[in-house]
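>>> Predicted model and sequence follow; I will ask about them next.
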Amino acid sequence: MDLRDPKSISLTDGDGRERPFILSKMPAFEGLEIMARYPTSLAMAAVPKLSEWPVVEDLQRKILKYVAVEINGKSVPLTTQA
């Protein structure tokens, strides 16, 4: 997948280290699906219910494929689980 209109940003992790990421625009219909499926309970709490975890995990994967890191000069989307 090619990144659309990529933008480089840096975030500071919990240990104070700068971490570079590349953000990509997401297609509108994918964004609509994510919004429609996002559990409403997450709007009120930071932790999803256990029964909602499969949906949350699927949505996280859909979102994170539009985030990349640079490895050896190439943008590599975050598509795998560590």
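All right, it came through fine.

>>> Tyr38 versus Leu32, what's the distance?
If you measure Leu32 against Tyr38 using Cβ to Cβ, to the nearest Å, the figure is 11 Å. Every residue, glycine included, has its C-beta placed from N, CA and C.

>>> contacts for stretch 51-66?
By Cβ atoms under 8 Å, 6 or more residues apart in numbering, the surrounding residues in contact with stretch 51-66 are 1, 3, 23-26, 30, 33-34, 37-39, 41-42, 48, 77-79.

>>> Check stretch 73-82 too.
Surrounding stretch 73-82, the residues in contact under the criterion Cβ under 8 Å, 6+ apart are 1, 3, 6, 22, 61, 64-70.

>>> Please pull out the lowest mean pLDDT helix or strand from this protein.
Lowest by mean pLDDT, DSSP states H and E among the helices and strands of the chain is helix 41-44, with a mean of 69.

>>> which SS state does Leu59 fall under?
When states are read from DSSP: H, G, I helix; E, B strand; the rest coil, the local structure at Leu59 comes out as helix.

>>> Quickly note the distance from it to Asp15.
As defined by Cβ to Cβ, Leu59 lies at a distance of 27 Å from Asp15.
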